[in-house]
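*Asks:* give me a 3D structure for the following:
(one chain, ligands or ions: 2)
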Amino acid sequence: MFTLKKIGILTSGGDSQGMNSAIRSVVKTGINNGFEMIGIKRGYKGLMENDFSKLELKDVGDILYRGGTFLQSARSEEFKTEHGQLKAINNLKKAEIDYLVVIGGDGSYRGADALGKRGIKTYGLPGTIDNDIPLTDYTIGFDTTLNVVTDAIGNLRDTMSSHERVSVIEVMGRNAGDIALQAGISSGVDAILIPELEWDITKVSNRLKHGFEEGKTHSIVMVAEGAGKAEDIATLIREHTDLDTRSTVLGHIQRGGTPSAFDRIFTSRMGHEVINLIKQDISGVALGMEKNKITYHTFDEIFKSKDVFDKKLYEIFEDLV
Ligand SMILES: Nc1ncnc2c1ncn2[C@@H]1O[C@H](COP(=O)(O)OP(=O)(O)O)[C@@H](O)[C@H]1O
Ligand SMILES: O=P(O)(O)OC[C@H]1O[C@](O)(COP(=O)(O)O)[C@@H](O)[C@@H]1O
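*Replies:* Ligands and ions are numbered 1, 2, ... in the order given. This is a model prediction of the structure:
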């Protein structure tokens with residue numbers, strides 16, 4: 001009897017806005033091109049626990065504009081072990097899944113690559129708000145997060161201005177300052193502290209002091225979580241300047257909300273392309289966008305590359321303060 005080829009799909013690591021849109025695109029394009037689609041719950045955890053179900057077109061209705069991921073996500077230590085990976089492979093084989101699409105960040109890519117080295121045809125889509133994956137200009141959810149952070153800073157500015165305070169705002173980005181830098185520029189902040197560059201509290205403080213002397217009614221300092229804690233930096237600034245400071249950690253609010261039009265279109269394009277690659281039997285690759293083209297590279301190429309920090313953008317910022 002003729003059976004359809006099966007594609008499994010899962011979301012893994014920190015979720016990001018646009019993951020649902022990516023799932024929708026992969027599932028719709030897959031079904032419309034004659035594949036059977038299988039949803040795997042809770043990332044690699046569900047893969048090891050056999051938490052699989054067939055997805056129909058109706059299952060991905062009404063999710064395009066929802067944040068989060070309806071397949072849910074998880075981090076799993078067990079999956080990093082040989083035992084965990086063999087359990088996952090056994091389940092994939094039993095379910096006769098021919099291809100596996102993984103939406104997640106660098107850790108999830110390492111998991112997909114490990115499965116690939118054990119004979120599974122795997123594909124990565126860059127799902128993380130941090131924008132820290134090499135060989136793609138954007139990651140899924142990054143653009144939405146920039147908009148969420150920009151809105152939040154607008155609200156903080158109002159009250160900081162009334163009280164003539166300095167607001168120190170901590171945003172996500174364990175190892176990357178992309179959210180801090182880009183949302184900092186879009187919000188017109190006064191200083192940006194990121195893990196990629198050394199910062200000097202005296203220089204930052206002098207800049208803030210000078211701004212208030214020139215008549216500013218508030219100042220905003222943006223800190224990526226990988227560069228320091230907002231509370232500590234607010235204390236240091238108070239000690240160096242005598243200005244009144246407040247700290248805010250934006251936290252997980254940054255990972256929610258309806259995906260931006262950009263994230264919806266970006267993920268729709270990548271979902272389409274991954275099915276194209278499957279049809280050509282190209283595997284062991286992750287997709288992304290470079291210079292507005294959807295591109296793909298092997299996992300090895302991605303692991304060997306460094307996520308390039310946009311120095312030019314930081315220089316632009318320094319000329320805007
Ligand atoms: N080196 C690795 N080998 C195999 N699996 C890994 C590896 N690193 C991470 N993973 C799996 O991928 C999951 C997600 O990775 P994590 O780093 O938490 O998030 P992200 O994918 O967003 O970077 C981990 O919980 C783990 O199950
Ligand atoms: O939600 P959790 O598990 O506390 O993780 C928080 C981390 O997840 C992120 O939002 C995304 O990180 P990953 O892409 O590596 O999962 C980081 O910016 C943040 O440090």
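
*Asks:* what count of nearby residues applies to S53?
*Replies:* Other residues within reach of S53, judged by other Cβ atoms under 10 Å, total 13. Heads up, the C-betas are built off the backbone N, CA and C, glycines and all.

*Asks:* shouldn't it be within a helix?
*Replies:* No - membership of S53 in a helix is not supported by DSSP: H, G, I helix; E, B strand; the rest coil, which gives strand.

*Asks:* residue contacts, it?
*Replies:* I38, G39, K41 (Cβ atoms under 8 Å, 6 or more residues apart in numbering).

*Asks:* show me those residues that map onto helices.
*Replies:* Judged by DSSP state H, the contacts of S53 include no members of helices.

*Asks:* flag the shaky bits of this protein, pLDDT-wise.
*Replies:* Scanning the chain for pLDDT under 70 picks out 1.

*Asks:* and the spatially most central residue of it, what are its phi and psi?
*Replies:* Centroid check for the chain by Cα atoms, centre = their mean gives T128 as the closest residue, at 1.6 Å. The phi and psi values for T128, taken as degrees, to the nearest 10, are phi -160, psi 140.

*Asks:* and the closest residue to it other than its chain neighbours, how close does it get to G13?
*Replies:* Spatially, and ignoring its direct neighbours in sequence, T128 is nearest to G105 (3.6 Å; Cβ to Cβ, 6 or more residues apart in numbering). Going from G105 to G13 by Cβ to Cβ, to the nearest Å gives 5 Å.

*Asks:* anything in contact with each of the two?
*Replies:* G127, T128.

*Asks:* surely E78 meets G84?
*Replies:* Yes - contact criterion Cβ atoms under 8 Å: E78 and G84 qualify, at 4.1 Å.

*Asks:* ok, those two, which is more surrounded?
*Replies:* G84 (19 against 14).

*Asks:* mind giving me the packing neighbours of the helix or strand hosting E315?
*Replies:* In the assignment (DSSP states H and E), E315 maps to helix 311-318. Helix 311-318 sits against helix 178-187, with contacts defined as 3 or more Cβ pairs under 8 Å, 6 or more residues apart in numbering; DSSP states H and E.

*Asks:* quick check: buried residues in the helix it packs on?
*Replies:* D178, I179, A180, L181, Q182, A183, G184, I185, S187 (16 or more other Cβ atoms under 10 Å).

*Asks:* now do stretch 254-268
*Replies:* Residues of stretch 254-268 classed as buried by neighbour count (16+ other Cβ under 10 Å): Q254, R255, G256, G257, T258, P259, S260, D263, R264, F266, T267, S268.

*Asks:* and the contacts of that stretch?
*Replies:* 14-22, 24-25, 64-68, 125, 129, 138, 140-145, 147-149, 171-172, 179, 289.

*Asks:* make it 6 Å
*Replies:* Residues from elsewhere that reach stretch 254-268, judged by Cβ atoms under 6 Å, 6 or more residues apart in numbering: 17-18, 21-22, 25, 65, 67, 129, 140, 143-145, 147-149, 172.

*Asks:* centre of the chain to that stretch, how far?
*Replies:* Counting by Cα atoms, centre = their mean, to the nearest Å, stretch 254-268 is centred 11 Å from the centre of its parent chain.

*Asks:* that one near ligand 1 anywhere?
*Replies:* No - applying Cβ under 6 Å from any ligand atom, one finds stretch 254-268 separated from ligand 1 by no less than 11.1 Å.

*Asks:* endpoints of that stretch, how far apart?
*Replies:* By Cα to Cα, to the nearest Å, the extent of stretch 254-268 from end to end equals 22 Å.

*Asks:* relative to V274, which of the buried residues of helix 178-187 is nearest.
*Replies:* Using Cβ to Cβ, D178 comes nearest to V274 of the buried residues of helix 178-187, at 23.8 Å.
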